[in-house]
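Chemist: Here is my input; please provide its structure:
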Amino acid sequence: MTKKVYRLPGQFEDERHGRKKAVLIIAIFIATGFVTGFYFTRNVAAPKQQKVSDSKVVTKGPRADSIEGRYLFSGTIVLGRGVEQQAQSAGGVNYAQPFQQIASFNPEQYDGWLADLECPVTNNNVSFRQSVETLQFNCRPEWLPELTKHIKFLNLANNHTNDMGTKGFLETQKNLEAGGVQTIGNFNVTAKQDICEVMALPVRLQKDSSTAETGTLPVAFCAWQYFFRQPQAGELEVMQRYAKVMPVFAFMHSGAEYFPTAAPNQTDIAHKLIDLGGEFVIGNSPHWVQNSEVYKDKLIVYSTGNFIFDQLDSETNRGLNMDVTFKTRYDANLEKWLRLGPDCLKRGDDCLTQAEKTGLKKIKLNYDFAPVASAGGYKKLTRKGDAALQAGVEQRLDWAKTSSQLKATTAR
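Modeler: Modelled structure (predicted):
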């Protein structure tokens, strides 16, 4: 039986009016939600698109106006014979002793430092007397922590890195790599796999006058050992593949010892290296600072002389360190090179192949060069040269003429 519902007079109309009011409120609520959702979708979930030229667009990798790098290229280092003898103390060898005046070069102003290491780095022991009598050197691995505080690039293309034999040379490469050093070159120039290496050069990304980030730029270093030997077909040409893709810094160990100017065979090799694509050429071997020149608008320095060594006469006790600064504008191609940079830290990596496969374009670098004199020798700690020594080194280089020609090249 249906239950009857009794209402007071007018109650039905009031309830109907209430139902209409409730429906209206629900409709307003739904409409408000729709409008709010539409606005949220348009303005929050899908932000406004910016034009490519908008400076606030975020891209992968660092952004900058330009990149800069400043490097020092020094001469012969032998941490054996008289250098080791002078570092002896009551407690053994003081491996920091030869580097006590390195601060005079203000190493913090350089992004990288390369020198010629003219001794194998092995666990063999060669006494002072043995080195004097046989002219064979060895540098103990214990030197590396002090050496590599500042110098992290070493050129091994010389006639003494084989003093402990081929096995000793391979041990040298291994020890240096374990010590965080990037190496280039081989005493055996027929070992073509060691002639060129893509180095991961530290650079600074300049965003404005006050801020900078750091990056890593791949640059090829190529080095040849021609001490009493002339180039054979295909040896110098190894650098051509690299030069097509990236800048190449060329180094040669060539020339008879103890002469103030380069011989014709040195000049021929250096010119050929420029012809094959070198950005500049820095030579060593004579243990004396030699002349410089500009060839096809490129700098050639024929000998940097000694840096840390134990020789005796005044010529062998002064050295040349080339201060090389480069700069170039930042762009999308350069950004890709910087992304590749961290993959180029290991000797024998595939950085060149990667650059070729990805079609990276060769970067044009603008250079500034400045000679820095150094003083050293037997029983003398290597330090930056004074004004008189600086003047003497620049005179030997004929730097007034060379720098004038370089400036004229830059102005064109």
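Chemist: quick one, strands of the stretch 301-412 of the chain?
Modeler: Ranges of strands within the stretch 301-412 of the chain are 306-308, 318-329, 366-375, 383-384, based on DSSP state E, counting those that start in this stretch.
Chemist: Kindly report the same for the stretch 101-250 of the chain.
Modeler: 112-117, 153-155, 182-184, 196-206, 212-226, 248-254.
Chemist: Which among those is found nearest to residue 305?
Modeler: Nearest to residue 305 among those is strand 112-117; the distance by C-beta to C-beta comes to 10.0 Å. Bear in mind the C-beta positions are built from the backbone N, C-alpha and C, glycine included.
Chemist: ok, and the closest non-adjacent residue to residue 152?
Modeler: residue 181 (5.7 Å; C-beta to C-beta, 6 or more residues apart in numbering).
Chemist: now residue 160
Modeler: residue 118 (4.4 Å).
Chemist: From what I see, the one you found and residue 80 are in contact.
Modeler: No - assessed by C-beta atoms under 8 Å, residue 118 is found out of contact with residue 80, at 9.3 Å.
Chemist: burial measure for residue 85, as a count.
Modeler: 17 (other C-beta atoms under 10 Å).
Chemist: need the contact list for it.
Modeler: Taking C-beta atoms under 8 Å, 6 or more residues apart in numbering, we find residue 85 in contact with 128, 310.
Chemist: A strand includes it, no?
Modeler: No - Residue 85 is assigned helix when assessed by DSSP: H, G, I helix; E, B strand; the rest coil, not a strand.
Chemist: picking that back up, need the winner for burial among the strands of the stretch 301-412 of the chain.
Modeler: Burial of those is given as mean neighbour count (mean count of other C-beta atoms under 10 Å); strand 306-308 ranks first at a mean of 26.
Chemist: Rounded mean pLDDT for that one, please.
Modeler: In this model, strand 306-308 carries a mean pLDDT of 98.
Chemist: Where does the prediction get shaky in the stretch 1-150 of the chain?
Modeler: 1-62 (pLDDT under 70).
Chemist: where do the helices sit along it?
Modeler: Along the stretch 1-150 of the chain, counting by DSSP state H, counting those that start in this stretch, helices occupy 11-40, 81-86, 128-134, 144-147.
Chemist: Of all residues in this protein, which one is nearest the centre?
Modeler: Among the residues of the chain, residue 201 comes closest to the average C-alpha position under C-alpha atoms, centre = their mean, at 1.8 Å.
Chemist: okay but that residue is in contact with residue 110, surely?
Modeler: No - with contact defined as C-beta under 8 Å, residue 201 does not count as touching residue 110 (11.2 Å).
Chemist: Show me the common contact partners of the two, please.
Modeler: Common neighbours of residue 201 and residue 110 (C-beta under 8 Å, 6+ apart) are residue 71.
Chemist: What is the neighbour count of the closest residue to residue 96 other than its chain neighbours?
Modeler: Excluding its sequence neighbours, the residue lying closest to residue 96 (C-beta to C-beta, 6+ apart) is residue 146, at 4.9 Å. As a burial measure, residue 146 scores 19 neighbours (other C-beta under 10 Å).
Chemist: any idea how far residue 107 is from residue 146?
Modeler: 13 Å (C-beta to C-beta, to the nearest Å).
Chemist: Just name the most buried of the strands of the stretch 101-250 of the chain.
Modeler: The most buried one of the strands of the stretch 101-250 of the chain (mean count of other C-beta under 10 Å) is strand 248-254, showing a mean of 27.
Chemist: pLDDT of the helix or strand that that strand is followed by, averaged?
Modeler: Heading C-terminal from strand 248-254, the first helix or strand you meet, by DSSP states H and E, is helix 264-275. Averaged across helix 264-275, the pLDDT comes to 98.
Chemist: orientation of helix 264-275 relative to strand 212-226 in degrees?
Modeler: 140 degrees (axes from the mean of the first three to the mean of the last three C-alpha atoms, to 10 degrees).
Chemist: How far off centre is helix 264-275?
Modeler: 25 Å (C-alpha atoms, centre = their mean, to the nearest Å).
Chemist: One more: stretch 368-384?
Modeler: That offset, for stretch 368-384, works out to 22 Å (C-alpha atoms, centre = their mean).
Chemist: now stretch 215-232
Modeler: 15 Å.
Chemist: What of stretch 218-235?
Modeler: Distance, centroid of stretch 218-235 to centroid of chain: 20 Å (C-alpha atoms, centre = their mean).
Chemist: Stretch 213-231 now?
Modeler: 11 Å.
Chemist: Can we start the residue count at 523 from this point?
Modeler: Yes, from this point I'll number from 523; that puts the last item at stretch 735-753.
Chemist: just to revisit the earlier point, redo the strands of the stretch 823-934 of the chain as TSV? Include distance to residue 738.
Modeler: Shown next, in TSV, are the strands of the stretch 823-934 of the chain (distance: least, C-beta to C-beta, whole Å):
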stretch	distance to residue 738
strand 828-830	25
strand 840-851	14
strand 888-897	19
strand 905-906	28
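Chemist: Ok, which of those comes nearest residue 775?
Modeler: strand 828-830 (13.5 Å).
Chemist: partner strands of that closest one, parallel or antiparallel?
Modeler: Each strand paired with strand 828-830, and its direction, by DSSP bridges: strand 588-599 (parallel).
Chemist: Compute the inter-axis angle for the strand it pairs with and strand 718-728.
Modeler: Using the same axes, to 10 degrees: strand 588-599 against strand 718-728 is 130 degrees.
Chemist: what's the angle between strand 588-599 and strand 888-897?
Modeler: Going by the same axes, to 10 degrees, strand 588-599 makes 30 degrees with strand 888-897.
Chemist: Strand 770-776 and strand 588-599, what's the angle between them?
Modeler: Using the same axes, to 10 degrees: strand 588-599 against strand 770-776 is 10 degrees.
Chemist: and the gap between residue 847 and residue 675?
Modeler: Following C-beta to C-beta, the distance that separates residue 847 from residue 675 is 16 Å.
Chemist: I misspoke; the intended subject was residue 618.
Modeler: Applying C-beta to C-beta, the value for residue 618 to residue 675 is 20 Å.
Chemist: For the closest residue to residue 666 other than its chain neighbours, give me the pLDDT.
Modeler: Spatial nearest neighbour of residue 666, chain neighbours left out: residue 701 (4.0 Å); criterion: C-beta to C-beta, 6+ apart. On the pLDDT scale, residue 701 is placed at 96.
Chemist: and residue 701, how many neighbours?
Modeler: Neighbour tally, residue 701, other C-beta under 10 Å: 16.
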